[in-house]
Structure formats: C-alpha cells, structure tokens
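Enquirer: Got a predicted model here, sequence first, then my questions.
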Amino acid sequence: EPALSIRGLTKVYGNDFHALKGIDLNVPQGDFFALLGPNGAGKSTTLGIVCSLVNKTAGQVKVFGVDIDTNFSLAKYHLGVVPQEFNFNQFEKVYDIVLTQAGYYGMPMREARPRARQLLEDLGLWDKRDNVARMLSGGMKRRLMIARALIHRPKLLILDEPTAGVDIELRRSMWEYMRRINREEGTTIILTTHYLEEAENLCRNIAIINHGEIVKNTTMRELLAEL
Ligand code: ADP
Ligand code: ADP
C-alpha cells in the first residue's frame, strides 16, 4: 500500500472558494516526493488536511492504509509534520520541546531522552538544548521543528517549505540530513517547495498543483527532461 493515498480531495473555504477540486495522489513507501506549485495553488491546504489541521470538504485520505477520518489517532503515529509557521512554545527550552512531543505519543522517557539527544546532535542543536526557543535563529528554529517531528520515528515526514528563509549553506546541510533519513531510515518524505532546485536535488517523484488541480504527476527526471 502507498505511504499516502488521496482520492477526490476537495476543499471549499467559506461558501464557494474551491481551493482543492477533487485531487488524486499516490505517494509510494520510501519515496521522496515534492508537491510543487505557485503560491495559492493548494499545497498547504492539501498537507494540512493530511495532518488533520484543516477540515476537508470531500474525499478520502489514507496514511499507510489508515483512513484519517475513521482512525486519525492511529494515522498520527505514522506522521511527522513540519508546518511552515513556528508553532512551538517560544519560552520552552529546546530539549523540553522535543521531549514534550514524545509525551504526546506516549513514548517512555527512557526511550525519548536518547532519541531526542541523537536528533538534536544530528541537527546541530545539542549545544542549544537549554536555550529557550525564542533565542534561536530562524534556521535553528526550523531544525528544531524537524527534530520534534521525528521524535516518535514516524514513517511519513511532511515538510511544508522546509528551507524557506534559510541561507544556502544551511539549506544544503538540511538537504543532506533529509536525504539521510530517507535513505538510511527509509522514512517517506513529502515536501512542498517553490525552489525547483530543492526538488531537483532531493525528490524522485513530483506533482504540480495549480488552482487546486494536479496538472502534472511524474518523476523529477522526466520533469527536467521536459524543461
Ligand atoms: P473554513 O471554516 O471555511 O474552512 P477557516 O476556518 O479555515 O475556513 O477560515 C475562516 C476564514 O479566515 C476564511 O473564510 C477566510 O476569510 C479567512 N482566512 C484565513 N486564512 C486565509 C488565507 N490564507 N487566505 C484567505 N483567507 C483566509
Ligand atoms: P499554497 O500552499 O499552494 O500557497 P494554500 O493551500 O495555502 O496554497 O492556499 C490555497 C488557496 O486557498 C489560496 O487561494 C488561499 O488564499 C486560500 N486559503 C487558504 N487558507 C484559507 C482559509 N483559511 N480561508 C480562505 N481561503 C484560504
């Protein structure tokens, strides 16, 4: 079964703004997948629905075969999410933010502590573990969001514009990290981006969304051959 399967997904905001017009999408297990498209196309809405942050109007979403409508409490264990906005408590310490998340998933602390340490080390944040999040730079906050999203070892990691506003050097090291967890841990990754270069560097399969419709769904290789 696919890591993510979307059928006839529709979102109407307010009375009649059709942000998603019945989209279909399959993301195979182990894939590194990019959802591309201009601003306002419907990327965040799509991912928001998958994560249950946005209510859908119609359609079906399954995460590793689990329907999010009937069983979100199970589906959420498969999902790690990095939204665009920083949504952690800015006054909480870095290490505590990651451990608090582990608590939401019922991870025992003896398991969560070494996992949090490993993630913070890998993402270059271990030295900052006792700082309150407010004191971090934008790039550090972005990496903190990634550490937090991975604490419970999700099989599917969803990243909305993961390197927006990040300088080129940090962007490259974040690419390296994402590649590593995709290859070594087999984590399926879906990201949205408007940097074609980012998708080109990372992704195997892509879908392009425009005005709430999938206008292309192909491999990165084929997309590049057409350009
Ligand atoms: P709905 O209940 O229709 O799903 P929301 O509760 O998500 O809509 O949003 C309520 C209202 O907030 C919208 O009708 C809109 O006026 C406004 N809004 C929030 N975010 C946006 C946005 N990104 N673009 C346009 N309007 C927005
Ligand atoms: P993208 O992530 O591709 O930039 P979004 O999914 O954020 O696109 O938005 C798709 C469309 O839906 C946009 O036209 C946006 O203004 C609109 N929209 C997003 N959220 C809301 C909302 N809460 N209420 C009304 N319109 C919204």
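Expert: On my side now, so go ahead. Ligands and ions are numbered 1, 2, ... in the order given.

Enquirer: Can you name the residues in contact with stretch 131-145?
Expert: 82-83, 86, 88-94, 97-98, 123-125, 128, 162-163, 165-167, 170, 174 (C-beta atoms under 8 Å, 6 or more residues apart in numbering). Bear in mind the C-beta positions are built from the backbone N, C-alpha and C, glycine included.

Enquirer: of these, buried ones?
Expert: 82-83, 88, 93-94, 97-98, 123, 125, 128, 162-163, 166, 170, 174 (16 or more other C-beta atoms under 10 Å).

Enquirer: Which of those residues scores worst on pLDDT?
Expert: Scanning the buried ones among the contacts of stretch 131-145 for pLDDT, the smallest score is found at residue 166, 87.

Enquirer: Quick check: it touching residue 174?
Expert: Yes. Using C-beta atoms under 8 Å, residue 166 makes contact with residue 174 at a distance of 6.8 Å.

Enquirer: which residues in this structure form helices?
Expert: Listed in chain order, the helices found in the chain under DSSP state H are 43-50, 68-78, 94-104, 109-122, 138-150, 168-184, 196-202, 220-226.

Enquirer: angle of the longest one against helix 138-150?
Expert: This points to helix 168-184. Note on geometry: by axes from the mean of the first three to the mean of the last three C-alpha atoms, to 10 degrees, helix 168-184 and helix 138-150 are set 10 degrees apart in direction.

Enquirer: in helix 168-184, what counts as buried?
Expert: Buried residues in helix 168-184 (16+ other C-beta under 10 Å): 170, 171, 174, 175, 178, 181, 182.

Enquirer: got it, and the last one?
Expert: Of the residues in helix 220-226, those buried by neighbour count under the rule 16+ other C-beta under 10 Å are 220, 223.

Enquirer: Contacts for that helix, please.
Expert: 34, 199, 200, 203, 204, 205, 206, 216.

Enquirer: Centroid-nearest residue for the protein?
Expert: The C-alpha lying nearest the average C-alpha coordinate of the chain belongs to residue 158 (C-alpha atoms, centre = their mean; 1.6 Å).

Enquirer: so what's that residue up against?
Expert: 47, 50, 51, 79, 80, 81, 82, 189, 190, 191.

Enquirer: Kindly report the same for residue 119.
Expert: 98, 146, 147, 150, 151 are the contacts of residue 119 under C-beta under 8 Å, 6+ apart.

Enquirer: Hmm, residue 82 and the second one touching each other?
Expert: Yes. Taking contact to mean C-beta under 8 Å, the distance of 5.7 Å between residue 146 and residue 82 places them in contact.

Enquirer: any common contacting residues for those two?
Expert: Shared contacts of residue 146 and residue 82 (C-beta under 8 Å, 6+ apart): 159, 162.

Enquirer: interface residues of the protein facing ligand 2?
Expert: 13, 14, 17, 19, 37, 39, 40, 41, 42, 43, 44, 45 (C-beta under 6 Å from any ligand atom).

Enquirer: For the last one, the count of nearby residues, please.
Expert: Put plainly, it is residue 45. 21 (other C-beta atoms under 10 Å).

Enquirer: Check the third one too.
Expert: By other C-beta under 10 Å, the residues close to residue 17 number 9.

Enquirer: Give the bridge partners for it, please.
Expert: residue 13 (DSSP bridges).

Enquirer: thinking again about what came up before, with distance to ligand 1 added, can I get the helices of the chain in JSON lines?
Expert: Below are the helices of the chain laid out as JSON lines (distance: least, C-beta to the nearest ligand atom, whole Å):
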{"stretch": "helix 43-50", "distance to ligand 1": "8"}
{"stretch": "helix 68-78", "distance to ligand 1": "16"}
{"stretch": "helix 94-104", "distance to ligand 1": "23"}
{"stretch": "helix 109-122", "distance to ligand 1": "31"}
{"stretch": "helix 138-150", "distance to ligand 1": "20"}
{"stretch": "helix 168-184", "distance to ligand 1": "25"}
{"stretch": "helix 196-202", "distance to ligand 1": "22"}
{"stretch": "helix 220-226", "distance to ligand 1": "27"}
